[in-house]
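Enquirer: Have a look at this fold, sequence not included:
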């Protein structure tokens, strides 16, 4: 199998030397095929994009070397929702990142210099059904001073400097992810954390008042003040801890034999 690394990432191709090992993981009673593939990240800030397929009980271990405190950045775009990755120090089974509980975007500060493994797999239920997944996996190393992907930055952003076509909201932190929405200049966004995809900053956001969520290019964001929260009349609902995007009143009755009256309501939008 040959993996091609396409633009906008470093163009490179190399043959995968497959090393097949039969192992019995502690969490499964089935032998699994492990394919070991070295990944060469030559420069800090470079992204290596790996495109391949995985099926059934197969596991792919992508191995690379990093320095202490560098940020190992990994994100996964896959055709199968049961496809995840974990991150380990080579030779250890103690995961630094577990995709099935934390998602498909990782930024891990390496605890020490050495070899690390990004292990790609299908969840057991999908593996037993011999499902397949077509995926692209982006792997890069960032400088040590770049903070954890969910730390730092202002609480809110404002969209700035975008043309009339609007700012694309994407499902992941790269242009290879599908577009899920658009934003206009001046829209206020909740900051849910930024990270570096190669040399580009991407930020996870929630648009206030519409609830649109996703990732946007950080170059079009500037710090903003918190938006004015929708006010709730006394005695109205208090919500679930998330500020209401809108409030109002609607005619209601508390029972079929009760008279109609005005009841306060609050709305939390989900895009």
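Expert: Happy to help now that I have it. On a predicted model such as this, the values are computed, not experimentally measured, just so you know.
Enquirer: which residues of the stretch 51-200 of the chain score low on pLDDT?
Expert: Residues of the stretch 51-200 of the chain meeting the criterion pLDDT under 70: 145-152.
Enquirer: Could you pull out the helices in it for me?
Expert: Listed in chain order, the helices of the stretch 51-200 of the chain (DSSP state H, counting those that start in this stretch) span 99-102, 124-128.
Enquirer: which residue packs closest to residue 54, ignoring adjacent ones?
Expert: Spatial nearest neighbour of residue 54, excluding adjacent residues (Cβ to Cβ, 6 or more residues apart in numbering): residue 133 at 5.2 Å. For every residue, glycine as well, the C-beta is placed using N, CA and C.
Enquirer: residue contacts, the spatially most central residue of the chain?
Expert: In the chain, the C-alpha nearest the mean C-alpha coordinate belongs to residue 105, at 3.5 Å (Cα atoms, centre = their mean). With contact set as Cβ atoms under 8 Å, 6 or more residues apart in numbering, residue 105 has these partners: 74-76, 149, 172-173, 195.
Enquirer: Which one (most neighbours) among those residues?
Expert: Most neighbours among the contacts of residue 105, by other Cβ atoms under 10 Å: residue 173, with 28 neighbours.
Enquirer: Does residue 263 touch residue 248 like I think?
Expert: No - with contact defined as Cβ atoms under 8 Å, residue 263 and residue 248 do not form a contacting pair (9.8 Å).
Enquirer: The helices of the stretch 51-200 of the chain into a markdown table, with extra columns for distance to residue 240 and mean neighbour count?
Expert: Below are these laid out as a markdown table (distance: least, Cβ to Cβ, whole Å; neighbours: other Cβ atoms under 10 Å):
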| stretch | distance to residue 240 | mean neighbour count |
| --- | --- | --- |
| helix 99-102 | 22 | 14 |
| helix 124-128 | 31 | 15 |
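Enquirer: And for residue 114, the neighbour number?
Expert: 14.
Enquirer: Can you tell me how far residue 264 is from residue 258?
Expert: Noted for residue 264: a distance of 17 Å to residue 258, by Cβ to Cβ, to the nearest Å.
Enquirer: Those two: which is more packed in?
Expert: Counting neighbours by other Cβ under 10 Å for residue 264 and for residue 258 shows that residue 264 has the greater number, 15 against 9.
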